[in-house]
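Novice: Kindly return the folded structure for what I paste below:
(4 chains)
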4 protein chains.
Amino acid sequence: MATKAKIGVLGASGYTGSELVRLLLRHPRADIVLLTAERRAGQEMRSVFPQFSPFALPKLVSIDGLDWAKASLDLAFCALPHATTQKVVKELLAKAPATKVVDLSADFRLADTSAYSKWYGDAHHAPDLQKEAVYGLTEIHRRAIKQARLVANPGCYTSCAELPLIPLIEAKAIDLEEIVIDAKSGMTGAGRAAKEGMLFSEVSEGFHAYGVGHHRHMAELDQEFSLAAGREVIVTFTPHLVPMNRGILSTIYVRGKRGRTPEDLHALLLKSYAKEPFVHVLPFGETPQTRHVRGSNMTFIGVAKDRIEGRAIIVSALDNLVKGASGQAIQNMNLMMGWPETTGLEQVALFP
Amino acid sequence: MATKAKIGVLGASGYTGSELVRLLLRHPRADIVLLTAERRAGQEMRSVFPQFSPFALPKLVSIDGLDWAKASLDLAFCALPHATTQKVVKELLAKAPATKVVDLSADFRLADTSAYSKWYGDAHHAPDLQKEAVYGLTEIHRRAIKQARLVANPGCYTSCAELPLIPLIEAKAIDLEEIVIDAKSGMTGAGRAAKEGMLFSEVSEGFHAYGVGHHRHMAELDQEFSLAAGREVIVTFTPHLVPMNRGILSTIYVRGKRGRTPEDLHALLLKSYAKEPFVHVLPFGETPQTRHVRGSNMTFIGVAKDRIEGRAIIVSALDNLVKGASGQAIQNMNLMMGWPETTGLEQVALFP
Amino acid sequence: MATKAKIGVLGASGYTGSELVRLLLRHPRADIVLLTAERRAGQEMRSVFPQFSPFALPKLVSIDGLDWAKASLDLAFCALPHATTQKVVKELLAKAPATKVVDLSADFRLADTSAYSKWYGDAHHAPDLQKEAVYGLTEIHRRAIKQARLVANPGCYTSCAELPLIPLIEAKAIDLEEIVIDAKSGMTGAGRAAKEGMLFSEVSEGFHAYGVGHHRHMAELDQEFSLAAGREVIVTFTPHLVPMNRGILSTIYVRGKRGRTPEDLHALLLKSYAKEPFVHVLPFGETPQTRHVRGSNMTFIGVAKDRIEGRAIIVSALDNLVKGASGQAIQNMNLMMGWPETTGLEQVALFP
Amino acid sequence: MATKAKIGVLGASGYTGSELVRLLLRHPRADIVLLTAERRAGQEMRSVFPQFSPFALPKLVSIDGLDWAKASLDLAFCALPHATTQKVVKELLAKAPATKVVDLSADFRLADTSAYSKWYGDAHHAPDLQKEAVYGLTEIHRRAIKQARLVANPGCYTSCAELPLIPLIEAKAIDLEEIVIDAKSGMTGAGRAAKEGMLFSEVSEGFHAYGVGHHRHMAELDQEFSLAAGREVIVTFTPHLVPMNRGILSTIYVRGKRGRTPEDLHALLLKSYAKEPFVHVLPFGETPQTRHVRGSNMTFIGVAKDRIEGRAIIVSALDNLVKGASGQAIQNMNLMMGWPETTGLEQVALFP
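Specialist: Below you'll find the predicted structure:
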């Protein structure tokens, strides 16, 4: 049996943190040796997430005062808030340059420092690392991720939209001026911070859009779609909140270009993802439900014909905490560590 | 105190039926004298809907064998399944021509008999009545409804899309080729029939689209939008199911025409609905939540700017059982009976 | 038409506050002239609760600096946090002794100052008022409420348990040593404060008990049950949280005394509540569901036979925000103001 | 690598069936070679449960016409409706006596044929097998299960009550006359049959008891508790439905006997389950939540002190589809096949 790698989870008291722990506990190559949480430092993980009561896990500690060199992590997952992240990763990599990092925040996703400043309002604290970081949507950037020391795990909304759209954009199969992405997310996407707007009684039994016309995930979409197209692409994107815990569903409206029918678009996606373990294209005309990927690292994609000639409706679904965050992060870890890509990610979806 | 009118509810064991009863019990001019339900005939309403236990209501009876002339209803609400409706209304109006009818099914919504056949697969059983029927979206067809004997209450999805779009189409303010309506509905929209796909465990904790590319409500949208435009309009429309009981939210993507900005579209809607008691246009940039209209007859409409120049995102929300069905039906009854339009419809939304 | 009374709602930004506003907006004798909210002072009510957007309401103000004499309220509802309440009510009644007060907090519920100190850990700031206050469970203390200036509206859990149990205890029909109350509440019972434990993702899709063996509502139960029994009564009480917004259901296990069968207990309750507009006893063997009282001021009570000889299972259900809080408060206002008790409380339950 | 065993799932279109498939797909020793479903015979599993789309599984077939000898299953899971089960298992074991069977229905749980007739209203079709069957609560009957050919997997409610209570009853630590079990279950416990009462809109946003005073699971409780006590035990048991998919929580009220304190009861349970992989006793005073065992084979048990001297409140939680059904069945399979008991059951709970 192979030696296990020493893995740390920075920010273990949030939902992406706990999801990393859930998956790592059953990962045959990973040994969780460090868990951090600022406000909960000194507590057991079971006090913060009682589902871990039966398991032996390191006690939560504060990042302050950690000796990164001594910790000698093989890999650190960074699930910290925006902005804090930059500082922590910068220091970590300065002290322990051999440690690999998968960052789940938005801090290293935008390669362009000016795009970063525009959307986040501040100059970046680690512009060199921002350039070094590889955008971690495995199916699109697999080769670079294998070589990377620092991977910027993509956002959940963006993953769900990019997986179906990038192959179509690369193939110049759709009109770039008319892409509408109507996205719907479960509540865990909003994190675990105590906000009035996320209370059960505020968000159950109802539905609403938010960030209409302006949402930070747009910057990521712009970057990746423009890269795929070889020119600037700007899409319409509206996020909504669904009274459910997990899942994102994107309903995407596109027009085929140069005679491409919805069936052609479907065939193109089917081919693109034929060998991918975590992207599954449904038969033409079928569309996915978020509940059928819950708890798994799968993305389901469906393509249907609109009744307006030439237009297709594409629907994609993934679990925002797995393929949209922590599962994707582990998929990247597997590549970075030279392990089989699917290791520890084989859970079947939990439905109902 | 005025004499009360004799009101019947045909099909009282479904959700639109019970919602009619809820509202009529507190309507100062209505006296519920007849409740029908085929499978539950002979039972008390409280066996079918325990919330009515404290109230005196007529026992449920079968439609078969009813003497419409003798019943001498002032008005009948018809909340029966598609196709059955046509036969029942035809016989009712033949026997009791002075009774007014508000039909909540789809049977009389399409004025064009060939459109009806195309979407529903059969010839209509009462083509004369189909022509006589007035489409019951009060804010748009108020004058005709006042004179009508038979009103076809609109569908819930269609009401939610038509209220924001018809004034814009009539004003030629938006591009008719690029309208995308992404609609989301609570589960009561699917009715009370016992279907596997509507079980709690099938539809909670998840989200999905259905009827992608083909849904019968499209026929109604086509009819009303074409009427408003003075030429054929075909829109893209995708319905989704939200794990909540009540509410429809439509996210509508439009492009302003001839220089109309999102702000212009907002101003136009604000003016159109300034005096309407049941349509409320939010300040520019704000968008509604379904929970804030729950249980009320209100429609909330919001308009926001897309980041793509010239495009606007319009969001509308209503309670599918109230303004989308039974509240709308009572609003029509009020007009048909010559009562103040808001009578019995003043409930404030129930949130949380 | 009668002049309307000047009504204030102190603490209008919480759920009991908004529920008071919902009901008062349709109350024919009430005019809302004052709304307070400390953190939201200066804002419109629609910013805090968008469902009120279509209505004209006074702007939210801070309590600090209010001139109670000048406000000359006929009645103030006090929906403020524990402890703050005592100080505010004390000052209000000092400055405006003719104003009546219905307090929805726990501050004036315990008549015994030492019981108060024991359960709440502090001496009471207004012990005279604590003695003056009348416990506001209308069906039990109607006569005293009519004469009261200050009414302490009961807790939601306690109302739900007291309504079925007090008549049985008064009639000496059940064994006082073996009462077990297993209570389940919706999430609005926990209020609107932003706490991690009340986030949607923490409390949806699961169920749990809390405060096991120790919960402040026990003090109220002790007081009212002991009063009814004429001697000290201590019951077992366990609260649980249900992933729903509104509703409390209590499953109560009792043993009949001196040969009283479950049928006898049922008959006794039926008789006790025969003329009560807001308490409805179901036929023997039927038990209620919270959803059938949602949004209404009703309490439903059912009695069934246990398979163990002599034991009965009593189930009661009410809406914690209506009969468990704001509806009960308005019922008390109606009595205190000399209006018909059911005024403004006739809403039929909203199901589904 | 060991050869895989040939496993069949009879009744694969229900929730316990799909849960078996979910777990078996990742079980290293099991090979799913047969899936049956009467109404869905001829279809792919993915049509019935889309979450299995990415996996290769045998097509669904009808049981009629199956050649059990030829199928030569090593083990069959039987997830069929009550009564049907008896006939199928009888024939299966007649034709293929070497096949082992784990039955998830209630058909073989009651060893006493007269108890069976009393609770189920019919004589048993396979009384010999009823006697042969071993009651499959592993932690209690492990030794017999290892030797069994036919195991009757326990009910979900009963497992949740028996795990905390049997050790206490065996130790004569609690009063047998005063046990009250107030149980709450998620909706999947009611199965996948299309019934009006299980529709989303009927059961969401509310809470209710059912089967009050009479529920078939009582027969199982009687059997196992009486066996543990060495004399007849009858408990009070009330089931309730929670608007969630998975999970059972039992709140159990007991009185310590012969001076046993709640702390003593806790110590006793802690000791009983110290080495059990799937039963976890929380620290004294802590009580579990269903969401923290979701998707896992764990049972969490908590013990707290009631404020009434000598009484304890015990709370237990499990996932009704895993430890309450399919996980328990696989745990039994592991024993019957001579594999490590935890094989394929190591999933960590999915929260949130």
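Novice: State the number of residues packed around the closest residue to A:Pro81 other than its chain neighbours.
Specialist: The shortest distance from A:Pro81 to any non-neighbouring residue, by CB to CB, 6 or more residues apart in numbering or on different chains, is to A:Ser105 (6.9 Å). Placement of C-beta: from N, CA and C, glycine included. By other CB atoms under 10 Å in any protein chain shown, 22 other residues sit near A:Ser105.
Novice: Correct me if wrong, but A:Ser105 is in a helix.
Specialist: No: A:Ser105: not assigned to a helix; according to DSSP: H, G, I helix; E, B strand; the rest coil it is coil.
Novice: so what's it up against?
Specialist: Residues near A:Ser105 by CB atoms under 8 Å, 6 or more residues apart in numbering or on different chains: A:Cys78, A:Ala79, A:Leu80, A:Pro81, A:His82, A:Thr85.
Novice: Kindly provide the distance from A:Arg26 to chain D.
Specialist: With distances taken as CB to the nearest CB, to the nearest Å, A:Arg26 is found 6 Å from chain D.
Novice: Find the helix or strand that A:Thr238 is a member of.
Specialist: Using DSSP states H and E, A:Thr238 maps to strand A:236-241.
Novice: how many neighbours does A:Arg231 have?
Specialist: A:Arg231: 9 neighbours (other CB under 10 Å).
Novice: Verify the stated contact: A:Ile32 with A:Pro58.
Specialist: Yes: between A:Ile32 and A:Pro58 there is a contact under CB atoms under 8 Å: 6.6 Å.
Novice: Which one of the two is surrounded by more residues?
Specialist: A count of neighbours by other CB under 10 Å puts A:Ile32 above the other of A:Ile32 and A:Pro58, at 22 against 15.
Novice: for A:Gly295, what are its contacts?
Specialist: A:Gly295 neighbours (CB under 8 Å, 6+ apart): A:Arg246, A:Asp319, A:Val322, A:Gln347, A:Ala349, A:Leu350, D:Gly295, D:Leu350.
Novice: three-state assignment of A:Asp128?
Specialist: Quick answer, by three-state DSSP: A:Asp128 is helix.
Novice: Look up how far chain D lies from it.
Specialist: Relative to chain D, and taking CB to the nearest CB, A:Asp128 is found at 36 Å.
Novice: Burial check on that residue, number of neighbours?
Specialist: For A:Asp128, using other CB under 10 Å, the count is 10.
Novice: how about the strands in chain A?
Specialist: Remark: strands assigned in chain A by DSSP state E are A:5-10, A:30-36, A:60-61, A:75-78, A:100-103, A:134-135, A:150-152, A:180-185, A:208-209, A:236-241, A:248-255, A:279-281, A:299-305, A:311-318.
Novice: Parallel or antiparallel, list what pairs with the third one.
Specialist: Going back to what we said before, that points to strand A:60-61. strand A:30-36 (parallel) (DSSP bridges).
Novice: Export only the CA atoms of the strand it pairs with, formatted as CSV.
Specialist: Output of strand A:30-36 as CSV, limited to C-alpha atoms (Å, rounded to 0.1, in the frame of the first residue of the first chain):
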residue,chain,number,x,y,z
ALA,A,30,-5.0,11.1,1.5
ASP,A,31,-4.3,11.6,5.1
ILE,A,32,-5.9,14.7,6.7
VAL,A,33,-3.2,16.1,8.9
LEU,A,34,-4.3,19.7,9.3
LEU,A,35,-7.7,21.4,9.7
THR,A,36,-8.0,25.1,10.3
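Novice: count of neighbours near the closest residue to A:Leu269 other than its chain neighbours?
Specialist: Computed as CB to CB, 6+ apart, the closest residue to A:Leu269 that is not its neighbour in sequence is A:Val281, at 5.0 Å. Residues near A:Val281, counting by other CB under 10 Å, number 26.
Novice: Report the beta-bridge partners for A:Val281.
Specialist: When bridges are called by DSSP bridges, A:Val281 pairs up with A:Ile301.
Novice: now the strands of chain A in JSON lines, with distance to D:Glu139 and mean pLDDT?
Specialist: Shown next, in JSON lines, are the strands of chain A (distance: least, CB to CB, whole Å; pLDDT from 0 to 100):
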{"stretch": "strand A:5-10", "distance to D:Glu139": "33", "mean pLDDT": "98"}
{"stretch": "strand A:30-36", "distance to D:Glu139": "28", "mean pLDDT": "98"}
{"stretch": "strand A:60-61", "distance to D:Glu139": "32", "mean pLDDT": "98"}
{"stretch": "strand A:75-78", "distance to D:Glu139": "36", "mean pLDDT": "98"}
{"stretch": "strand A:100-103", "distance to D:Glu139": "40", "mean pLDDT": "98"}
{"stretch": "strand A:134-135", "distance to D:Glu139": "49", "mean pLDDT": "98"}
{"stretch": "strand A:150-152", "distance to D:Glu139": "44", "mean pLDDT": "98"}
{"stretch": "strand A:180-185", "distance to D:Glu139": "40", "mean pLDDT": "98"}
{"stretch": "strand A:208-209", "distance to D:Glu139": "47", "mean pLDDT": "98"}
{"stretch": "strand A:236-241", "distance to D:Glu139": "42", "mean pLDDT": "98"}
{"stretch": "strand A:248-255", "distance to D:Glu139": "39", "mean pLDDT": "98"}
{"stretch": "strand A:279-281", "distance to D:Glu139": "38", "mean pLDDT": "98"}
{"stretch": "strand A:299-305", "distance to D:Glu139": "38", "mean pLDDT": "98"}
{"stretch": "strand A:311-318", "distance to D:Glu139": "37", "mean pLDDT": "98"}
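Novice: picking that back up, confirm for me that the residue nearest to A:Leu269 is in contact with A:Ile301.
Specialist: Yes: between A:Val281 and A:Ile301 a contact is recorded at 4.9 Å, counting by CB under 8 Å.
Novice: so what sits against both of those two?
Specialist: A:Leu269, A:Tyr273.
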